[in-house]
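S.K.: Here is my input; please provide its structure:
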Amino acid sequence: METPFDPIVLNRHVEGLARAHQHLLVSLAELTDEMVARSSRLPDWTVGHVLAHLEHQGDSMVRLVDAAESGEVGEQYPGGMAARVEAIERDATRSASDHVKGVRRSIYAVEGAFARARDAWYGRGLMVSGLEVPVFDLPLRRWREVEVHCADLGLAELDLDGPSCWSSDYVREDLRVMTMMFVSRTSMGRSHLPDQVSRLEPAERLAWLLGRLVVDGVEPARLLG
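M.R.: Reported below is the predicted structural model:
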């Protein structure tokens, strides 16, 4: 039985992702080897780790889409989390030029996979977390990865630093999705975000939901493992 999805929403996510991809590629045109070696906003990860992850996460989207097109449930990272970590560590110390080439190749591959998908949109894929998700969710998941990890790079001189670099389209789209997820996981009777969070600007609200912002007196959302 085919899984229904809204093609208008799917188109919006694919288009938003394409814009995020282009923003990343344009910004990385000025990347240097010194920047690659810097610490990112993520604990124990350099800028190089974040870029390697973005490249390999893109490749994982291609695997899931291609498997679904063949009627199979693909595995995001063959070998699981250990293989994912090993690949990131292996590639983190590459030169700036090699990182940019790798990210660009992966971006083109992702967009090509989405462009050629037909029956895949009705399939499912297995994420490295063990969660099985509809393929039509993948464009938003990839969009989230690109926008959030652009912020994690911590390269203010390249406009890749913190939630302020997120596009308004992304914030609007994912804030709705993540808020619904938060509400669905809270105790019965709660139908909104904590008051302290609700008073924040949209990007800050989303940053809290995604674990990128600490709000005094409020427990972390812990939505993404």
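S.K.: So what touches stretch 165-172?
M.R.: 16, 19-20, 23, 143-144, 147-148, 150-151, 159, 163, 202-203, 206 (C-beta atoms under 8 Å, 6 or more residues apart in numbering). No exception for glycine: its C-beta is placed from N, CA and C like everyone else's.
S.K.: Helices - which of those land there?
M.R.: If you go by DSSP state H, these have 16, 19-20, 23, 143-144, 147-148, 150-151, 202-203, 206 in helices.
S.K.: got the contact list for the residue nearest in space to the middle of the chain?
M.R.: Closest residue to the average C-alpha location of the chain: Glu145 at 1.1 Å, with C-alpha atoms, centre = their mean. Contact partners of Glu145, counting by C-beta under 8 Å, 6+ apart, are 54, 57.
S.K.: Now do it, the pLDDT please.
M.R.: pLDDT recorded at Glu145 is 98.
S.K.: same check, this time on the one 5 residues further on
M.R.: What the model reports as pLDDT for Cys150 is 98.
S.K.: For it, grab the count of nearby residues.
M.R.: 25 (other C-beta atoms under 10 Å).
S.K.: Next up, the contacts around Gly102.
M.R.: Per C-beta under 8 Å, 6+ apart, neighbours of Gly102: 51-52, 55, 91, 94.
S.K.: residues contacting Gln76?
M.R.: Contacts for Gln76 (C-beta under 8 Å, 6+ apart) come out as 60, 63-64, 125-128.
S.K.: What about the residues you listed, which are in helices?
M.R.: Mapping the contacts of Gln76 onto helices (DSSP H) picks out 60, 63-64.
S.K.: Could you export the residues you listed as CSV, including pLDDT?
M.R.: CSV is the format used below for the ones in helices among the contacts of Gln76 (pLDDT from 0 to 100):
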residue, pLDDT
Ser60, 98
Arg63, 98
Leu64, 98
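S.K.: Of these, which is the nearest to Val218?
M.R.: Using C-beta to C-beta, Ser60 is the member of the ones in helices among the contacts of Gln76 that sits closest to Val218, with 32.2 Å.
S.K.: ok, now how distant is the closest residue to that closest one other than its chain neighbours from Leu24?
M.R.: Leaving aside its chain neighbours, Ser60 sits nearest to Gln76 (4.4 Å; criterion: C-beta to C-beta, 6 or more residues apart in numbering). Using C-beta to C-beta, to the nearest Å, Gln76 is found at 21 Å from Leu24.
S.K.: For Val14, pull up the helix or strand it's in.
M.R.: helix 7-27 (DSSP states H and E).
S.K.: returning to that earlier point: would you show me how to pick out the buried ones of the contacts of stretch 165-172 in PyMOL?
M.R.: Buried residues within those, by 16 or more other C-beta atoms under 10 Å, are selected in PyMOL with:
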select buried, resi 16+20+23+143+144+147+148+150+151+163+203+206
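S.K.: Now do the helix or strand where Tyr170 lies against helix 7-27, angle only.
M.R.: Taking DSSP H and E as the definition, one finds Tyr170 inside helix 168-185. Interaxial angle of helix 168-185 relative to helix 7-27 (axes from the mean of the first three to the mean of the last three C-alpha atoms, to 10 degrees): 120 degrees.
S.K.: Many thanks, have a good one.
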